[in-house]
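Peer 1: Sequence first, predicted coordinates after that:
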Amino acid sequence: MIVVTRNGRTTVLTGWRAWLVGAVAFVVSFLLLAVVTFFVLGIAITVGAILLILVPLAIGFALLASVFSGRQR
């Protein structure tokens, strides 16, 4: 049984209509969760790929800078 109150009016859904509304709500929430999951995974993969490129590059630049700077006192 699903009870919906809108503008002071109460509507009660029972039987197959309640099952239908519940199934539609489940499918919609599942699809929304899937879309959010894909976006979060895409962002995580993108950030990971960028870090895999930038961190070794930064280490290389730091090593080159230490080689060319010489000793300073």
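Peer 2: In hand now; what should we look at?
Peer 1: What are the boundaries of the helices in this structure?
Peer 2: Assigned by DSSP state H, the helices in the chain fall at 16-69.
Peer 1: At the geometric centre of it, which residue do we find?
Peer 2: Residue closest to the mean C-alpha point of the chain, counted by Cα atoms, centre = their mean, is Val40 at 2.5 Å.
Peer 1: Against Leu33, how distant is that one?
Peer 2: 10 Å (Cβ to Cβ, to the nearest Å). (Each C-beta comes from the backbone N, C-alpha and C, glycine too.)
Peer 1: who's in contact with the residue nearest to the centre of the chain?
Peer 2: Val40 makes no contacts at all, as judged by Cβ atoms under 8 Å, 6 or more residues apart in numbering.
Peer 1: switch to numbering from 123
Peer 2: I'll keep to 123 as the first residue from here, and by that count the last item is Val162.
Peer 1: What pLDDT is listed against it?
Peer 2: Note on Val162: pLDDT of 98.
Peer 1: and what of the one 5 residues further on?
Peer 2: In the prediction, the pLDDT value recorded for Ile167 is 98.
Peer 1: Likewise for Gln194?
Peer 2: So, for Gln194, pLDDT stands at 64.
Peer 1: Please apply the same query to Leu142.
Peer 2: 93.
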